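Sequence below, structure please.
(chains A, B, C and D)
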Protein chains: 2
Amino acid sequence: MDIRAFKSSLYQKLSQVTKALSNAHRLEILDLLAQGSFPVAYIAKQINLPVANASQHLQVLKKSGLVKTQREGKYMYYELAGQHVFDTWCTLRKLGFAQNEEISNLLNDYRNRRNDLKTISSDEFNEMMNRQEIYVIDVRPEEEYEEGHIDDAISCPQQELGERINDLPKDKEIVAYCRGPLCLMADEAVKYLQKKGFEAARLETGYADWAAGKNPKPKN
Amino acid sequence: MDIRAFKSSLYQKLSQVTKALSNAHRLEILDLLAQGSFPVAYIAKQINLPVANASQHLQVLKKSGLVKTQREGKYMYYELAGQHVFDTWCTLRKLGFAQNEEISNLLNDYRNRRNDLKTISSDEFNEMMNRQEIYVIDVRPEEEYEEGHIDDAISCPQQELGERINDLPKDKEIVAYCRGPLCLMADEAVKYLQKKGFEAARLETGYADWAAGKNPKPKN
DNA sequence: TTTTCATTCAATAAATTTATTGAATGTATT
DNA sequence: AATACATTCAATAAATTTATTGAATGAAAA
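The predicted structure is shown next:
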């Protein structure tokens, strides 16, 4: 094989990985798997895709080595292949935000058009946590809370917020968090809580980023 | 617009960037543009593609904001849109190496099948440079050398090594470098020099990485 | 002004990716 | 053993991406 053909084959192989990252649904899957390990049906439901279709996308991700699987009974759990996959996803997410102003604009518009949602940075959050000034709620679906959550946070899925509203304190600021920067559940929750007269704010960072900072060495 | 549709559109926008990264030729173009700013015809020649085809790929990269252009007379110069694009490319390259063992294996096979090519790390290199123990040659095409090169390196394109061999010292170790980890020009050069009785080694890192380390703040 | 050259555009064919559907497989439960 | 359920497979249609070709554009040189 001549050098030119050899070089081409190297880039070809590299592109097998980038191709796996080139689909919107698959990016959304990766973003979801940053929350933990889930069966196909759950993933399909969350990203709003027929199960067969989701399964195919998951297999593309698996073939490229970005996710791995673990069978438990009749369920097949998919998870990120490692910390480096999450890191890559973060890099791409950041790149996307930088390149495509539309993305940041869409998000900002969305957030500002609603009430001015107070946002709390990680640092502020940690301090407030230490001083026990805040009541932290995890507004993601319970399945994700169970996969891992911020210490001392209470599970309070956005969907069920109405039913649980009586459990929440009126004398403490409530801080809600969700999956991450592309997730709007915390925004919706804060908006709702504010309307109901609670003092509420959104944690700037989502669970995935919090966990990545918290656990410098991944388990796998 | 409901939340679901809004979320989908966010990932859709993100995937516009990752789609631009999902083609082998475009990855090769980015890797080349990490060396500097070049006109379409040069890029096309280096990656062995018809000019019209290269132009189209370049436009895809431009539309996604990964590269930018500058016209000079009848030439259109393409360059990376910024340091962050190079950083992303490095991340993806690293991911590719990690995910796809084949890539590292192919490269290692290629290098080992030839003579054992001595490789020098960046740190060793800097020390040897300070002590003036080595003669550094840049074996990339001259156009790339002119776009920027390691201090004190002499341009000595791999293609022309045969003609220039009498200019090279026999009493000093010769260290060759090229574009980066996916480039084989330094390997070829070292192999050739060793055959001709020179003491030669390959710099582990290529120009792009050296420049990235050297210039913490990019110009643009 | 005409010619030359680099690049882009436009149209089409070829190749690849994605979505859809229903059947097949594998595991647990009855 | 039969049934239920989660997932995967397989086939096909639809959509998108890529390659190819030759013409069009834009800038410099003759």
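
Pull out the buried residues from the worst-scoring helix or strand of chain A on mean pLDDT.
The weakest-scoring helix or strand in chain A, judged by mean pLDDT, DSSP states H and E, is helix A:101-113 (a mean of 80). Within helix A:101-113, the residues that qualify as buried by neighbour count (16 or more other C-beta atoms under 10 Å in any protein chain shown) are A:103, A:107, A:111. Heads up, the C-betas are built off the backbone N, CA and C, glycines and all.

Can I get it in CSV? Just the C-alpha atoms.
Output of helix A:101-113 as CSV, limited to C-alpha atoms (Å, rounded to 0.1, in the frame of the first residue of the first chain):
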residue,chain,number,x,y,z
GLU,A,101,-24.5,31.8,17.9
GLU,A,102,-28.0,30.7,17.1
ILE,A,103,-27.8,28.0,19.7
SER,A,104,-26.8,30.3,22.6
ASN,A,105,-29.4,32.8,21.3
LEU,A,106,-32.2,30.3,21.1
LEU,A,107,-31.4,29.2,24.7
ASN,A,108,-31.1,32.8,26.0
ASP,A,109,-34.3,33.8,24.2
TYR,A,110,-36.1,30.9,25.7
ARG,A,111,-34.9,31.7,29.2
ASN,A,112,-35.4,35.4,29.1
ARG,A,113,-38.7,35.3,27.4
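
Give the other helices and strands that the helix or strand that it is followed by contacts.
Moving toward the C-terminus from helix A:101-113, the next helix or strand (DSSP states H and E) is strand A:119-120. Contact partners of strand A:119-120 among helices and strands, from 3 or more C-beta pairs under 8 Å, 6 or more residues apart in numbering or on different chains; DSSP states H and E: strand A:200-203.

Show me what the strand it packs on is packed up against.
For strand A:200-203, the packing partners by 3+ C-beta pairs under 8 Å, 6+ apart come out as strand A:119-120, strand A:173-177, helix A:185-195.

Do me a favour and average the pLDDT over that strand.
Averaging pLDDT along strand A:200-203 yields 95.

what's the answer for stretch A:212-220, then?
Mean predicted lDDT for stretch A:212-220 stands at 58.

Using the three-state scheme, assign the residue positioned nearest the centre of chain A.
The centroid of chain A falls nearest to residue A:179 when counting by C-alpha atoms, centre = their mean (3.3 Å). Classification of residue A:179 by DSSP: H, G, I helix; E, B strand; the rest coil places it in coil.

Would you mind measuring from the residue lying closest to it once chain neighbours are set aside to residue A:138?
Spatial nearest neighbour of residue A:179, chain neighbours left out: residue A:206 (4.7 Å); criterion: C-beta to C-beta, 6 or more residues apart in numbering or on different chains. Separation of residue A:206 from residue A:138 (C-beta to C-beta, to the nearest Å): 10 Å.

any idea what sits nearest residue A:41, other than its immediate chain neighbours?
In space, and not counting its chain neighbours, residue A:41 is closest to residue A:51: 5.9 Å by C-beta to C-beta, 6+ apart.

closest one to residue A:15 among the helices and strands packed on strand A:200-203?
Across these, residue A:15 has its closest neighbour in helix A:185-195 (34.3 Å, C-beta to C-beta).

for that closest one, packing partners?
helix A:161-164, strand A:173-177, strand A:200-203.

angle of it against strand A:173-177?
160 degrees (axes from the mean of the first three to the mean of the last three C-alpha atoms, to 10 degrees).

Quick check: buried residues in helix A:185-195?
Quick answer for helix A:185-195 (16+ other C-beta under 10 Å): A:185, A:186, A:187, A:188, A:189, A:190, A:191, A:192, A:193, A:194.

any idea which of those is closest to DNA strand D?
residue A:185 (22.2 Å; C-beta to the nearest atom of the strand).

Distance check, that closest one against residue A:101.
Look at residue A:185 and residue A:101: by C-beta to C-beta, they are 24 Å apart.

what's the answer for residue A:188, then?
From residue A:188 to residue A:101 the distance is 24 Å (C-beta to C-beta).

Ok, residue A:75 next?
41 Å.

Quick check: pLDDT value at residue A:76.
On the pLDDT scale, residue A:76 is placed at 98.

in chain A, which spans are strands?
Taking DSSP state E as the test, the strands found in chain A are A:38-39, A:67-72, A:75-80, A:119-120, A:134-138, A:154-155, A:173-177, A:200-203.

Turn these into TSV, columns for mean neighbour count.
Formatted as TSV, the strands of chain A follow (neighbours: other C-beta atoms under 10 Å in any protein chain shown):
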stretch	mean neighbour count
strand A:38-39	21
strand A:67-72	14
strand A:75-80	18
strand A:119-120	18
strand A:134-138	24
strand A:154-155	16
strand A:173-177	24
strand A:200-203	24
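
Quick check: which of these is nearest to DNA strand D?
strand A:38-39 (2.9 Å).

returning to that earlier point: could you dump the buried residues of helix A:101-113 into TSV and include distance to chain B?
Converted to TSV, the buried residues of helix A:101-113 look like this (distance: C-beta to the nearest C-beta, whole Å):
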residue	distance to chain B
A:103	5
A:107	7
A:111	11
